[in-house]
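**Student:** when you get a sec, could you give me coordinates for this:
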Amino acid sequence: MKSQMTKFTLKDFQKMFPDDDTCLDYIRHKKFPERIDCPACGKNSLFHHDRGRKSYSCDHCGFQISPTAGTIYHKSSTPLTVWFYVAYLMAQTRGGISAKQIERETGVTYKTAWRMCKEIRHALNEDYSPFDGDVEMDESYFGGRKHGKRGRGAAGKTPVFGIAQRGGMVEARVVPNVRRISILPIVDANVARTAHIYTDEMHTYKALPSMGYTHDTIPHAEKIYVMGNVHTNTIEGFWSNVKNGIRGVYHAVSSKYLQSYLNEYSFRYNHRKDVTPMFWSFLHRSVFYRAS
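**Tutor:** The predicted structure follows:
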């Protein structure tokens, strides 16, 4: 199906964000209305931009507000135009873009490029629960190849757990293991009891009916992958896209940062039906995400 997403070209980006002041004004007006009650003097004030600084001052008492405070841009010496351009580049591709490519595109150091990508990915974490309707669940493993015996929980691999609502959203999480103690609390907190759950035959999922869920299993061990409406093709297709993207763009991802990459791929998937250009969704999250 052809995407209904509105195009947002590089020319559009350059016209809309020609300099740092324009970028800062965008953040300021996203976080604050045109006039706000000053926290210091209490007057309804039209805060004006302090030229050369990332702050705005009250027209009456001079109290300053900093729109970038608490965001991924706070205390960064990298120009906001570069930050915005990196968000634009990341939003333009379905499979992601490497920090090395960002380095070449923007002229920043590799370390700076990697950090910007990391911070933007962290900002893409969104909560779409509760999942309802037809819901698929599946576990997968990320990491290097293991020599010798293969199987679930192979040494050196990072387990992940995914929930996908058919025709809707997906959520993917790094988990310590795929045992009941790790998986079932996630299901309990994020899936409505009215959902119809489809999984493979992993033992962990056998507890779902006792939790009040309607549950059907597809027996992958018997080489059966679809039985009418019973399948896990949605979530497995998502895993395939993520793994192909990581192999093709990033080559390898450490377990420490895997969650942020899952956030990025989940975010793109969950906004695939948007009419608004993906760049605006990336930028919105970067402004309102509370950086640690």
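
**Student:** name the element the closest residue to I102 other than its chain neighbours belongs to?
**Tutor:** Among residues not flanking I102 along the chain, A113 sits closest, at 3.9 Å (CB to CB, 6 or more residues apart in numbering). C-beta: built from backbone N, CA, C; applies to glycine. Following DSSP states H and E, one finds A113 within helix 110-123.

**Student:** how would you label the closest residue to G162 other than its chain neighbours: helix, strand or coil?
**Tutor:** Of all residues not flanking G162 in the chain, A172 sits nearest, at 4.5 Å (CB to CB, 6+ apart). Under DSSP: H, G, I helix; E, B strand; the rest coil, the three-state class of A172 is strand.

**Student:** list the contacts of A172.
**Tutor:** 160-163, 238, 242, 262, 265-266 (CB atoms under 8 Å, 6 or more residues apart in numbering).

**Student:** W83 now?
**Tutor:** 23, 72-73, 76, 116, 286.

**Student:** same question for T199.
**Tutor:** Neighbour list for T199: 136-138, 205, 208, 215-218, 232 [criterion: CB under 8 Å, 6+ apart].

**Student:** now the residues you listed as CSV including neighbour count, pLDDT and distance to K54?
**Tutor:** Formatted as CSV, those follow (neighbours: other CB atoms under 10 Å; pLDDT from 0 to 100; distance: CB to CB, whole Å):
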residue, neighbour count, pLDDT, distance to K54
E136, 26, 98, 45
M137, 25, 98, 44
D138, 24, 97, 44
Y205, 23, 97, 50
L208, 21, 98, 50
H215, 19, 98, 52
D216, 15, 97, 54
T217, 17, 96, 55
I218, 19, 96, 53
T232, 21, 97, 47
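
**Student:** mark which of those are part of helices, please.
**Tutor:** The helices, defined by DSSP state H, take in nothing from the contacts of T199.

**Student:** low pLDDT regions in the stretch 101-250 of the chain?
**Tutor:** For the stretch 101-250 of the chain, the stretches with pLDDT under 70 are 144-155.

**Student:** tell me where it has helices.
**Tutor:** Ranges of helices within the stretch 101-250 of the chain are 110-123, 180-190, 233-245, based on DSSP state H, counting those that start in this stretch.

**Student:** switch these over to JSON lines; also include distance to A91.
**Tutor:** As requested, those are exported to JSON lines (distance: least, CB to CB, whole Å):
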{"stretch": "helix 110-123", "distance to A91": "9"}
{"stretch": "helix 180-190", "distance to A91": "26"}
{"stretch": "helix 233-245", "distance to A91": "14"}
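
**Student:** just say which of these is most tucked in.
**Tutor:** Of all the helices of the stretch 101-250 of the chain, helix 110-123 has the most neighbours on average by mean count of other CB atoms under 10 Å, namely a mean of 20.

**Student:** with the contacts of T199 in mind, which one is nearest to N190?
**Tutor:** M137 (10.3 Å; CB to CB).

**Student:** for that closest one, which non-adjacent residue is spatially closest?
**Tutor:** Nearest to M137 is T199, by CB to CB, 6+ apart, at 4.9 Å.

**Student:** picking that back up, for the contacts of A172, pick the one with the most neighbours.
**Tutor:** Neighbour counts for the contacts of A172 (other CB atoms under 10 Å) peak at V242, which has 27 neighbours.

**Student:** the residue in the chain sticking out farthest from the centre in helix, strand or coil?
**Tutor:** Each residue of the chain has a distance to the centre, and by CA atoms, centre = their mean the biggest one is for H60: 40.5 Å. Of the three states, H60 takes coil according to three-state DSSP.

**Student:** and it, how far from N270?
**Tutor:** 43 Å (CB to CB, to the nearest Å).

**Student:** residues in contact with E264?
**Tutor:** Contacts of E264 (CB under 8 Å, 6+ apart): 90, 96, 121, 124.

**Student:** same check on P79?
**Tutor:** Counted by CB under 8 Å, 6+ apart, P79 has contacts D20.

**Student:** ok, now how distant is it from T22?
**Tutor:** Where T22 is concerned, P79 sits at a distance of 11 Å (CB to CB).

**Student:** do the same with L184
**Tutor:** 49 Å.

**Student:** residues in contact with the nearest residue to P176 once chain neighbours are set aside?
**Tutor:** The shortest distance from P176 to any non-neighbouring residue, by CB to CB, 6+ apart, is to S182 (5.6 Å). By CB under 8 Å, 6+ apart, the residues touching S182 are 161, 175-176.

**Student:** many thanks, we can stop here.
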